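1. Provided below are the primary sequence and the corresponding predicted coordinates.
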Amino acid sequence: MAFWTQLGLLLWKNFTYRRRQTFQLLIEVAWPLFIFFILISVRLSYPPYEQHECHFPNKAMPSAGTLPWIQGIICNANNPCFRYPTPGESPGIVGNFNASIVSRLFSDAKRLLLYSQQDTSIKDVQNVLGKLRKLGNSSG
């Protein structure tokens with residue numbers, strides 16, 4: 001059979017079935033209309049309101065590095081919306097959290113962990129403490 005003949009027979013069969021089942025046909029037509037009218041009534045009772053353009057702070061992806069990624073998660077946990085563009089929206093800027101507490105914490109931890117043995121500041125403190133003890137013993 002040709003395609004058009006099959007399509008015509010299928011449509012004729014569907015039309016015949018629908019004509020015999022009038023209640024089912026009314027339900028199938030009325031139900032989508034009922035839902036559509038509910039949507040229209042909700043839309044009319046709650047009109048949309050004007051809101052300013054929203055700019056969110058940038059959040060670095062893990063590929064940008066561990067520190068920028070963690071800063072983006074911690075510093076923007078509440079996901080604030082700003083009216084004007086944020087500094088991190090400029091191309092090429094990974095993070096704008098250089099003055100954050102997390103950044104200072106990581107820089108201090110990095111400085112402590114990368115402490116080199118050539119730094120003599122602790123040895124100097126020990127020398128000063130030793131001289132203070134000698135001075136206290138000699139004057140006492």
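-> The structure has been received and is ready for your questions.
2. can you give me the helices for this structure?
-> 3-20, 22-45, 66-75, 101-113, 121-139 (DSSP state H).
3. could you give the angle of the longest one to helix 3-20?
-> With axes from the mean of the first three to the mean of the last three CA atoms, to 10 degrees defining the directions, helix 22-45 sits at 90 degrees from helix 3-20.
4. about what we covered before: now, of the helices of the chain, which is deepest in the fold?
-> Among those, helix 66-75 has the highest mean neighbour count (mean count of other CB atoms under 10 Å), at a mean of 17. To be clear about C-beta, it is placed using only N, CA and C from the backbone, and glycine gets the same treatment.
5. distance of Tyr49 from Val42?
-> 15 Å (CB to CB, to the nearest Å).
6. before we move on, back to that, now the helices of the chain as TSV including distance to Tyr84 and mean pLDDT?
-> What follows is these, written out as TSV (distance: least, CB to CB, whole Å; pLDDT from 0 to 100):
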stretch	distance to Tyr84	mean pLDDT
helix 3-20	58	90
helix 22-45	31	92
helix 66-75	18	79
helix 101-113	23	74
helix 121-139	45	76
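7. so can I have JSON lines of those helices showing distance to Arg83?
-> Listed next are the helices of the chain as JSON lines, based on distance: least, CB to CB, whole Å:
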{"stretch": "helix 3-20", "distance to Arg83": "56"}
{"stretch": "helix 22-45", "distance to Arg83": "27"}
{"stretch": "helix 66-75", "distance to Arg83": "19"}
{"stretch": "helix 101-113", "distance to Arg83": "25"}
{"stretch": "helix 121-139", "distance to Arg83": "48"}
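8. and the ones you listed: which comes nearest Cys54?
-> helix 66-75 (17.5 Å; CB to CB).
9. domain ranges for this structure?
-> Split into domains by the TED database, the chain comes to 1-45, 51-99, 104-132.
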